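> have a look at this prediction, sequence included:
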Amino acid sequence: MSEGATTTANGSANKKSAPRRATAESMAKKQREISVSEFFAKNRHMLGFDNPRKALLTTIKEAVDNSLDACEEAGILPEIWVHVEQTGESRYKAAVQDNGPGILKKQIPLIFGKLLYGSKFHRLRMSRGQQGIGISAAGMYAILTTGKPIKIVSKTGKTKSAHYYELRIDTKVNKPEILNGKGDGEDIPPGEKGEKYIQENGIEWETHLHPESPDQTPKPLTHGTRVSLELEAKYQRGKGSVDEYLEQTAIANPHVTLHYTDPSGVQRTYRRATDILPPEATEIKPHPYGVELGRLVSMCKESNESSLSGFLTNSFSRVSPTIAKQICDKAKLSTRMRLKRIDRDHAEQLYSAIQDTKISNPTTDCIVPIGEEQLLKGLHSVVPAEFYAAATRPPAVYRGNPFQIEVALAYGGNVETQKITKDLLKELLYETDARTVRQFLILTFNGLGPDAADKILKTSKLGTRKSPNKMKPKEVDILFDAMQNVNVNEGQSMNVYRYANRVPLQFQHGDCAITKTIAGTNWRSYGLSQSRGNLPSGPVTIMVHIASVWVPFTNQAKEAVASYDEIQKEMRLALQTVGRKLGMFLRRRMKVKQQADRRSIFRRYLGEVAQAVSDINGVEKDDIYEKLLQVAKKKTAEADMVLDESGKAVDPAQADYGGGVLIVQKDEEEMLAEMLNRPAETASTGSSDDAQNELFDADEDEGDEE
Ligand SMILES: Nc1ncnc2c1ncn2[C@@H]1O[C@H](COP(=O)(O)OP(=O)(O)OP(=O)(O)O)[C@@H](O)[C@H]1O
């Protein structure tokens, strides 16, 4: 028994009160304010810096998102340069430059050297950034891991000086520390003098815009911002990589020209597919239904309005003087009550009165969707496939916030494993962290599920435990051959691209409302095979976009969308719309295949039948053959069905998809050969028998909400 304990009659131990180790006074000495940057430096995973690979991606993402937001807000067609360069074994330099409006000199240190400083948090306007934390958090991570400052160059006009800053964030006080120009940054004069200064001081700055046509001389860049950071990082291609993020950004932002230089020095340019900027997103006031009690109290305190009625009508959307009166009546407060006198109890009365008053939904013209046409263009430019469908839902509202859902789908085409070269495969095997080849295949190639990986491994006979980094050249050859030749359509799981306000989301897919809604949709009625609650299988890529003035992310790293019922319902309806179109396409293809089968059987025997008939009645064999052929063609007319560019059957007798569809016509022979050689093609239209039966028997709209 330990010292200081006594035993009672019933044997239970009774501890003597232990000497107090700390007192309120001694604890008070340790209690102090925690700076927001200290907090996030310790909890960097909350901001997307949980490992070196993700840190590189998050840094680039924050900078590119800011560039796109700034350009669009200023009405400038964005051109962006991204440069990733290895500077040490686990160190990389990441630089992002844009042709945006630039940033005022006095604002630069605050934007890049102070957490929670930005222009977007306090307004309800659709933008990529929301919280005012992104780029300064990247700067803080850079300084914590390499000690190197964040470097910024920004220029606001042709005749204006550019400003060059080297900054670090002082985490103790969450304030910027300027390291160059004796604590005041450096000014770079416009014109030749400035160019010379940039060269002499080794400052990195793209000087010209990309020429729009090959013969045009490039225009000088007169405004923009470049941010450059050196951080502990890991560069790796495949799922969740910088490369993937940039490619997906190009899909959802067809108005952007993006130049990307990767660490091996390879340069890629995604040229803009349209010169039209998305319409300007308008700012709205909060809707009363979306404001919680605490927020209502602080809004009352912050408002400059004198009367309660003035506060309600001017601070919220959709509150007219009549609605304000109704709210006040229900709250038993006077419309003329001075706002300063509103206390917590009054606020509570107001809050419940708001919930009891019928207020129309907020205006939804503040949402700028990508649009079906651009979605189809974007997806087509990056995902080669045979069939594309897109659907943009009308705007809806969650918690008083307007939002809009869009979905695009691509079906068919080669799978990723068949698109890569042997050299790239070697590089990917060398770069990967995966412990086994099986893991490597699943982690690296989008949409390649465990079944497909097993199929490849079975064919290659490489064994499931092989380490990817230790493969011999001969084994790489075998793996490459298997990847090219194995039909993985069946084992492929749907490839999902998630977007929020045009930004690709690459992590936490399991927690995201988008993934959950796709998995909860019945894809079997649209011809895909799917086990309950999982993503469907097949060569399908799906893209889901939520546009909103405030996207409800599950965390500050903005990686997954929270599951609000209203949002999931809209997603389901959009998925069902493209699903129905896919079902129609697959059914038509199936018909074409069946008719092509029948025709080939007819053809096989027509010659012999024509000969036999000619022998009996003496009519010319060729004439009989031609006639029989015409009859066969008539009976199997579906096999000749041709679809126009928008996917409509050229034959008006065929049903219409109803728009939002793009079909890439395959060479007829190629299509027939593929269909005849690959009976498993029905697998891509639903590999299991169940799915197949459902496709043809069930009412396709069964279970649809609309
Ligand atoms: N390239 C740029 N050009 C012009 N302004 C910029 C640029 N980068 C950042 N800004 C300004 O700096 C502010 C802060 O950027 P930051 O990335 O820290 O947060 P945010 O984009 O507002 O929100 P989030 O934390 O969600 O990314 C932005 O709100 C914007 O006003």
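Alright, I've got the coordinates.

> is His83 in contact with Ala94, as I believe?
Yes: if you go by CB atoms under 8 Å, His83 and Ala94 touch, sitting 7.5 Å apart. In short, each C-beta sits where N, CA and C put it, glycine included.

> which one of the two is surrounded by more residues?
Ala94 (25 against 20; other CB atoms under 10 Å).

> please name the residues that touch the more buried one.
With contacts defined as CB atoms under 8 Å, 6 or more residues apart in numbering, Ala94 is in contact with 56, 59-60, 63, 82-84, 228-231, 233.

> now Lys466: how far from Ile103?
51 Å (CB to CB, to the nearest Å).

> my error: substitute Val382 in the last question.
31 Å.

> between those two, which is the more surrounded one?
Ile103 (23 against 15).

> give the contact list for the residue of the chain found nearest the ligand.
Nearest residue of the chain to the ligand, counting by CB to the nearest ligand atom: Gly129, 2.1 Å away. Taking CB under 8 Å, 6+ apart, we find Gly129 in contact with 62, 65-66, 69, 118, 120.

> and the ligand, which of those reach it?
62, 66, 118, 120 (CB under 6 Å from any ligand atom).

> neighbours around the residue nearest to Gln556 when sequence neighbours are not counted, how many?
Distances taken as CB to CB, 6 or more residues apart in numbering place Met46 nearest to Gln556, at 5.1 Å, with adjacent residues excluded. By other CB under 10 Å, the residues close to Met46 number 15.

> correct me if wrong: Met46 contacts Ala557.
Yes: counting by CB under 8 Å, Met46 does reach Ala557; the two are 6.3 Å apart.

> so where's this structure uncertain?
Regions of the chain meeting the criterion pLDDT under 70 cover residues 1-17, 213-215, 413-416, 447, 489-491, 636-656, 665-706.

> give the next helix or strand downstream of the biggest helix by length in it.
In the chain, with assignment by DSSP state H, the single longest helix is helix 565-617. Heading C-terminal from helix 565-617, the first helix or strand you meet, by DSSP states H and E, is helix 621-635.

> identify all contacting residues around that next one.
598-599, 602-603, 606-607, 609-611, 613-614, 640.

> can you select the buried ones from those in PyMOL?
Only the buried entries of the contacts of helix 621-635 go into this PyMOL selection, using 16 or more other CB atoms under 10 Å:
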select buried, resi 599+602+606+610+613+614
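
> close to the ligand: what parts of the chain are there?
62, 66-67, 70, 98, 100, 103, 111, 118-120, 129-136, 225.

> of these, which belong to strands?
Among the residues of the chain next to the ligand, the members found in strands (DSSP state E) are 98, 225.

> would you mind giving me the PyMOL syntax to select the buried ones in the residues of the chain next to the ligand?
In PyMOL, this line selects whichever of the residues of the chain next to the ligand come out buried by 16+ other CB under 10 Å:
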select buried, resi 62+66+67+70+98+100+103+111+118+120+129+130+132+133+134+135+136+225
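
> using the three-state scheme, assign Lys93.
The local conformation at Lys93, judged by DSSP: H, G, I helix; E, B strand; the rest coil, is strand.

> re earlier: pick out whichever of the ones next to the ligand among the contacts of Gly129 sits closest to Pro536.
Nearest to Pro536 among the ones next to the ligand among the contacts of Gly129 is Glu62, at 33.1 Å by CB to CB.

> the closest one contacts Ala137, correct?
Yes: between Glu62 and Ala137 a contact is recorded at 7.3 Å, counting by CB under 8 Å.

> list the buried ones in stretch 67-76?
67-73, 76.

> please enumerate residues in contact with it?
Residues from elsewhere that reach stretch 67-76 (CB under 8 Å, 6+ apart): 77-78, 80, 96-101, 120, 127-129, 225, 249, 253, 256, 277-278, 280-281, 502.

> mind checking which of these are in helices?
Residues of the contacts of stretch 67-76 located in helices (DSSP H): Thr249.

> can you tell me the centre-most residue of this structure?
For the chain, the residue nearest the mean C-alpha position is Pro504 (2.0 Å; CA atoms, centre = their mean).

> which element is that one on?
Per DSSP H and E, Pro504 falls inside strand 503-505.

> partner strands of that strand and their direction?
Using DSSP bridges, the strands paired with strand 503-505 in its sheet are strand 495-500 (antiparallel).

> C-alpha coordinates for the partner strand, PDB please?
Taking Å, rounded to 0.1, in the frame of the first residue of the first chain, the C-alpha atoms of strand 495-500 are listed here in PDB:
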ATOM      1  CA  ASN A 495     -13.000   7.900 -60.900                       C
ATOM      2  CA  VAL A 496     -14.400  10.800 -58.900                       C
ATOM      3  CA  TYR A 497     -13.300  14.500 -59.300                       C
ATOM      4  CA  ARG A 498     -14.700  16.600 -56.500                       C
ATOM      5  CA  TYR A 499     -14.800  20.400 -56.800                       C
ATOM      6  CA  ALA A 500     -15.800  23.300 -54.600                       C
END
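
> next, the buried residues of it.
495-500.

> what ranges do the helices span in the stretch 101-250 of the chain?
Assigned by DSSP state H, counting those that start in this stretch, the helices in the stretch 101-250 of the chain fall at 108-113, 134-146, 191-200, 242-252.

> and the residue of the chain closest to the ligand, its phi and psi?
Main-chain torsions, Gly129, degrees, to the nearest 10: phi -80, psi 150.

> spatially nearest residue to it (excluding sequence neighbours)?
Lys120 (5.0 Å).

> for the one you found, give me its contacts.
69, 127, 129-132.

> over to Ile367?
126, 281, 395, 402-404, 547-549.

> which of the residues you listed fall within strands?
Those of those lying in strands (DSSP E): 402-404, 547-548.

> how is this protein partitioned into domains?
39-270, 288-356, 367-413+494-706, 416-485 (automatic domain parsing).

> quote the end-to-end distance of the first one.
Distance between the two ends of domain 39-270: 38 Å, counting by CA to CA, to the nearest Å.

> return the distance of it from the chain's centre.
20 Å (CA atoms, centre = their mean, to the nearest Å).

> do the same with the longest one
Average the C-alpha atoms of domain 367-413+494-706, do the same for its chain, and the two points are 22 Å apart (CA atoms, centre = their mean).

> ok, the shortest one next?
Relative to the centre of its chain, domain 288-356 is centred 38 Å away, using CA atoms, centre = their mean.

> could you dump the helices of the stretch 101-250 of the chain into JSON lines and include distance to Phe387?
Compiled in JSON lines, these are given as follows (distance: least, CB to CB, whole Å):
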{"stretch": "helix 108-113", "distance to Phe387": "45"}
{"stretch": "helix 134-146", "distance to Phe387": "37"}
{"stretch": "helix 191-200", "distance to Phe387": "50"}
{"stretch": "helix 242-252", "distance to Phe387": "17"}
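
> quick one: closest of the ones you listed to Thr515.
helix 242-252 (15.3 Å).

> next helix or strand past the closest one?
Next element after helix 242-252 (DSSP H and E): strand 257-261.

> what's that following strand packed up against?
Under the contact criterion of 3 or more CB pairs under 8 Å, 6 or more residues apart in numbering; DSSP states H and E, strand 257-261 touches strand 79-88, helix 242-252, strand 267-270.

> pick the most buried one from these.
Counting by mean count of other CB atoms under 10 Å, helix 242-252 has the highest mean neighbour count of the helices and strands packed on strand 257-261, with a mean of 22.

> now do the strands in the stretch 251-400 of the chain.
Using DSSP state E, counting those that start in this stretch, the strands of the stretch 251-400 of the chain run over 257-261, 267-270, 387-392, 396-398.

> nearest to Asp243, of the ones you listed?
strand 257-261 (7.7 Å).

> the closest one pairs with which strands, parallel or anti?
Short version: by DSSP bridges, strand 257-261 pairs with strand 79-88 (parallel), strand 267-270 (antiparallel).

> dump the first one to PDB, restricted to CA.
Below are the C-alpha coordinates for strand 79-88, written out as PDB (Å, rounded to 0.1, in the frame of the first residue of the first chain):
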ATOM      1  CA  GLU A  79      -2.500  33.400 -66.800                       C
ATOM      2  CA  ILE A  80      -0.600  31.500 -64.200                       C
ATOM      3  CA  TRP A  81       3.000  30.200 -63.900                       C
ATOM      4  CA  VAL A  82       3.800  27.400 -61.500                       C
ATOM      5  CA  HIS A  83       7.300  26.300 -61.000                       C
ATOM      6  CA  VAL A  84       8.400  23.500 -58.700                       C
ATOM      7  CA  GLU A  85      12.100  22.900 -58.300                       C
ATOM      8  CA  GLN A  86      14.000  20.500 -56.000                       C
ATOM      9  CA  THR A  87      16.700  22.300 -53.900                       C
ATOM     10  CA  GLY A  88      17.700  19.600 -51.500                       C
END
